[in-house]
Each structure stands twice: as C-alpha cells, then as structure tokens.
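> pasting a predicted model and its sequence here:
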Amino acid sequence: MIIRQPFSRRQFVGSVAAAVGALSLRPETGVLAQGQTAQFTGSDADYDNFIKLASNENNWGPPDSVMQAMNHAWKYANRYGYPDGNVVQVIADHHGVRRENILLTAGSGEGLNVMATTYLGPGKKVLGVSPSYASVFQQAANVKGDAIQLPLDKEYRQDIGAMIETANRYARDIGFVYMCNPNNPTGVVVTAREIKDLLDNIPKDLPVLIDEAYHHYVDDPAYGTAIPYVLEGRPVVVARTFSKIAALAAMRIGYSVAPAQMIRDMRVYASNSVNVLAKWGAVASLKDTAAQADVKAKTLSMRNNTTKALQSWGYATIPSQANFFMVSLGDRTVQPVIEEFRKRGILVGRPFPPLLNHLRVSVGRPEDMEKFLQAFKEIFPQRTAG
Ligand code: PLP
C-alpha cells in the first residue's frame, strides 16, 4: 500500500507510524494549512481587479432573491434571539430529514473540523485520498490524530477497493473515513455504486464523512448523494455548503446531515455561531431553484468550452464534474505557472501535491475565461498532443 504525504515538509514534520505507514501531521505555527485560503494581502482595488479562479467560488455572485433576503435581515443585526427564517427546519425539509439530523455550521469547513475533533484524537486516523480537500487532515493534526491518504488511481479516481481494504485492515486505528465527492482538486466523482460498495464492506460502525461541497454541479447520472444513508441510520455524515452554488462563501454557512446521535456528539464542538444574514440568505437560496439551475448551466457550459479550447491547444484536462478543472502542464511544474498568471492579473489554484504538473482552474464568467485562455496561450505554446 502506498501512502502519500499530502502536506509539504514546511507545513508538517512527518514521521511514519510504523504499523500502518500513516503519516503523523504536526502543524507548525503560523503556516497556512492547505485547507485554508490565504487572505489577499494587496489593496482592495487590486483584489477587485484580479480575475479570481483560485478558490472554486461562484463568480456570478448571489442572485437578487438572496441579496434581498440578506438585506431584510440587517434589522436583526443588534439581536441574539432573532427570527432566523427557520433555517434548520428549511434545510431538514429540503432533504426529508428531521431538525435533529442537521448541524448548522460556519461554512461546511467548520463541519469538517468538528467531525475530526469529534471522531479523532491522539493516535486516531482519518482515512482518505491524496490529493483531496485538506481541511480534515489538518484538523487531524490539530487534535494529535493522524491520516492515511491513499493515492488516486491512474484515472485520478478514488480507489474504493483500496479504501475498503485499508479500512478493514486498520479498523481499530481509524476514527472515520473522509471522501470528497466530487473530489477537490480533480473534480472526479465517486459513483453511487462505489459509495454503496464502500459502506457495505467496511466495519458497520465506522463513521464516513462525505463532503458534497460541489454536489450541485454534478450531471453524471452514476453519481448520487449519500444523504439516503443517513435516513437508513448508517454512521454517515454528509457535509454541504452554501459557498459554491449559492455564492455565499464569505457569509460562512454550511451544514452537516447525520444520524441524530452523531449530530448531538458533534454539536459539542461546533461554534453554533452562524450570522443572521447568512441564515436568511441560505433560506432564500434553497428556495430559488431557478437561480441555482442557471448558475449550474452557465458554469458547466463555461467549463466545457474552456476545457475543449485547452485540449485543442494541446493540453489534456481531467474530466471534472465540478465548478473547476485541472489541466495538465506537461513537464512544467505549477508554482511558476501560478506566478505567470498572477502577473497577468489572474489568480489560479495553488499546487496540489503530488499532482504538481497540473493546474487547478475555477470556472468563471465568460469574460474571465476568455482572459484565462488568452493568458494560457501566452504562457504555453500550442502543442499537437495533450
Ligand atoms: N469542502 C470542499 C471540498 C471544499 O472545496 C471547500 C472549500 O473550498 C469546503 C469544503 C469548505 O467550504 P466552506 O467552508 O466555505 O463551506
């Protein structure tokens, strides 16, 4: 079994835990974890001028319905026990679950951290893949736990067979399994069949966290949400966010869906501190299904056009089901390429080891993608093969 270290040496001092070959992750203070987004350090005007294709945001911004709902909520800014649009019930109804199955969090990222705090601890490991969204692995380190990260297969897919085998072999050491679906940074999905396979073939009390941050962009019929497993009472936690399709990243609101007892266990570690504008914005967003469909259609069409253009320029892309994609840079490494784009006023994704010859690009509006393609063609010569 190959286990990859997802973090740079500067970020973590790794030591191999002999039994499982897992990597101990110890954060250095003051170093940005891979799951975190760096605060922009230039002027406000600089920020506004950059084309932002680095953080998988929704570049269209919130629709009018959501802006109006948030504006309406300002009048509660000085309150504690204010009306909150019944946000938890609205989310529960949306999924056909009960209020006690929902943990409202400040972004889904808080839910991922809470999961790691609840189910890890000294020596306990989270099992996942590399590269993937790094937040739970970072939090594992924070609570003195560890991570087992399996490599992706040749098609950049999560290897469910290897995951099942590892989960069974090291069951006693593993606190929970983390699966990002679609995966960030690749955009590749785990199929509904594979999720069932995983859940049916690992110890039945082993918690599984399925991060569906990009759920709303998927159009592959083989994919399916894992929320039905919560209804079956399996130890499954599904994390969702309003940061992506609903364009509320800076408002910080997301939630976890899980069996009631798991929610009770996790709530102890949650901040229970989502702000009033976020709550009203989230409620409006769930109701505005037309706006969500519009964002999905525009995003997928821009993504498909851009990846086609890159392929005809000679650069292969990883087939993505999300609002971002990865393009192969051939033998060039990504860090200097990120700098090249920055010089041209375009922010693109950070490096995702071990995929250091790939660049992650978030999908933007037509004018953003036009500038991105123009810059790409300046930086990279046309080639005959991808
Ligand atoms: N999960 C995945 C896969 C992500 O890519 C992100 C953010 O980019 C998050 C969770 C956290 O998002 P938020 O805390 O804004 O909901």
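Ah, there it is. Numbers count the residues shown, from 1 in each chain.

> what sits up against the longest helix along the chain?
Within the chain, and with DSSP state H defining each element, the longest helix by residue count is helix 289-312. The contact list for helix 289-312 (CB atoms under 8 Å, 6 or more residues apart in numbering) reads 58, 60, 63, 65-66, 216-217, 219, 245-247, 285, 317, 320, 323-325, 327, 361, 363-366, 369, 372-373, 376, 386. In this view, the C-beta of every residue, glycine as well, is placed from N, C-alpha and C.

> buried residues, it. List them.
Using 16 or more other CB atoms under 10 Å as the test for burial, helix 289-312 gives 291-292, 295-296, 298-300, 302-303, 306-307, 309-310.

> which ones are touching Ser43?
Going by CB under 8 Å, 6+ apart, the list of residues near Ser43 is empty.

> got a pLDDT number for it?
Note for Ser43: predicted pLDDT of 87.

> so how far is whatever helix or strand Gly109 lives in from its chain's centroid?
Applying DSSP states H and E as the criterion places Gly109 in helix 108-119. For helix 108-119, the separation from the chain centroid amounts to 13 Å (computed by CA atoms, centre = their mean, to the nearest Å).

> state the mean pLDDT of it.
Averaged over helix 108-119, pLDDT sits at 98.

> that one packs against which elements?
strand 102-105, helix 135-142, strand 174-180, strand 208-211, strand 236-241, strand 254-257, helix 260-267 (3 or more CB pairs under 8 Å, 6 or more residues apart in numbering; DSSP states H and E).

> quick one: which of these is nearest the ligand?
Among the helices and strands packed on helix 108-119, strand 236-241 comes nearest to the ligand, with 3.2 Å by CB to the nearest ligand atom.

> now that closest one against strand 174-180, angle please.
Taking axes from the mean of the first three to the mean of the last three CA atoms, to 10 degrees, strand 236-241 and strand 174-180 form an angle of 40 degrees between their directions.

> what lines up beside strand 236-241 in the sheet?
strand 208-211 (parallel), strand 254-257 (antiparallel) (DSSP bridges).

> the first one near the ligand anywhere?
Yes - remark: strand 208-211 sits within contact range of the ligand at Asp211, by CB under 6 Å from any ligand atom.

> can you name the next helix or strand after that strand?
Criterion used, DSSP H and E; the element after strand 208-211 is helix 227-231.

> list the contacts of that next one.
So helix 227-231 is in contact with 95-97, 101, 195, 199, 236-238, 257-259, going by CB under 8 Å, 6+ apart.

> drop anything exposed from the residues you listed.
Using 16+ other CB under 10 Å, the buried members of those are 95, 97, 101, 195, 199, 236-238, 257-259.

> and the residues you listed as TSV, adding distance to the ligand and pLDDT?
As requested, the buried ones among the contacts of helix 227-231 are exported to TSV (distance: CB to the nearest ligand atom, whole Å; pLDDT from 0 to 100):
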residue	distance to the ligand	pLDDT
His95	17	98
Val97	19	98
Asn101	18	98
Ile195	16	98
Leu199	20	98
Val236	16	98
Val237	13	98
Val238	12	98
Val257	14	98
Ala258	16	98
Pro259	21	98
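
> which one of the buried residues of helix 289-312 sits closest to the ligand?
Thr299 (14.6 Å).

> quick check: that closest one vs Tyr214, distance?
10 Å (CB to CB, to the nearest Å).

> got it, and Ala106?
19 Å.

> ok, these two, which is more surrounded?
Set Ala106 next to Tyr214 and count neighbours by other CB atoms under 10 Å: Tyr214 wins out with 24 against 19.

> need the residues that contact stretch 188-198.
Under CB under 8 Å, 6+ apart, the answer for stretch 188-198 is 152, 155-158, 160, 163-164, 167, 177, 179, 181-183, 208, 210, 218, 220, 222-224, 226, 229, 318-321.

> contacts only, for Gly123.
Contacts for Gly123 were tallied using CB under 8 Å, 6+ apart; they are 144-146, 173.

> now do Ala222
Ala222 neighbours (CB under 8 Å, 6+ apart): 189, 191-193.

> do Leu206 as well
So Leu206 contacts 167, 171, 174, 176-177, 235 (CB under 8 Å, 6+ apart).

> got it, and Leu347?
With CB under 8 Å, 6+ apart, Leu347 has these contacts: 50-54, 341.

> try 7 Å this time
Contact analysis of Leu347 by CB atoms under 7 Å, 6 or more residues apart in numbering lists 50-54.

> before we move on, what about Tyr178?
Counting by CB under 7 Å, 6+ apart, Tyr178 has contacts 126, 128, 136, 209, 211.

> any idea what it is bridged to?
The partner residues for Tyr178, given DSSP bridges, come to Leu209.

> and Val87, how far from Gly107?
From Val87 to Gly107 the distance is 14 Å (CB to CB).

> output the lowest mean pLDDT helix or strand found in this protein.
Here the helix or strand of the chain ranked lowest by mean pLDDT, DSSP states H and E is strand 16-17, holding a mean of 27.

> which one of the buried ones among the contacts of helix 227-231 is nearest Val348?
The nearest member of these to Val348, counting by CB to CB, is Val238 at 29.2 Å.

> beta partners of that closest one?
Ile210, Val257.

> so it sits right up against Val257, yeah?
Yes - with contact defined as CB atoms under 7 Å, Val238 and Val257 form a contacting pair (4.6 Å).

> from the contacts of Leu347, which is closest to the ligand?
Distances from the ligand to the contacts of Leu347, taken by CB to the nearest ligand atom, are shortest for Ala54, at 10.2 Å.

> so, low pLDDT: which residues of the protein?
Filtered on pLDDT under 70, the chain yields the residue ranges 1-36, 385-386.

> and with 90 instead?
Residues of the chain meeting the criterion pLDDT under 90: 1-43, 46, 123, 384-386.

> can you tell me what sits against the helix or strand harbouring Phe372?
Assigned by DSSP H and E, Phe372 belongs to helix 366-379. The contact list for helix 366-379 (CB under 7 Å, 6+ apart) reads 51, 53, 59, 302, 306, 309-310, 313, 337, 340-341, 344, 346, 361.

> between these, which has the most around it?
For the contacts of helix 366-379, neighbours were counted using other CB under 10 Å, and Val361 has the most, 28 neighbours in all.

> alright, that wraps it up for me.
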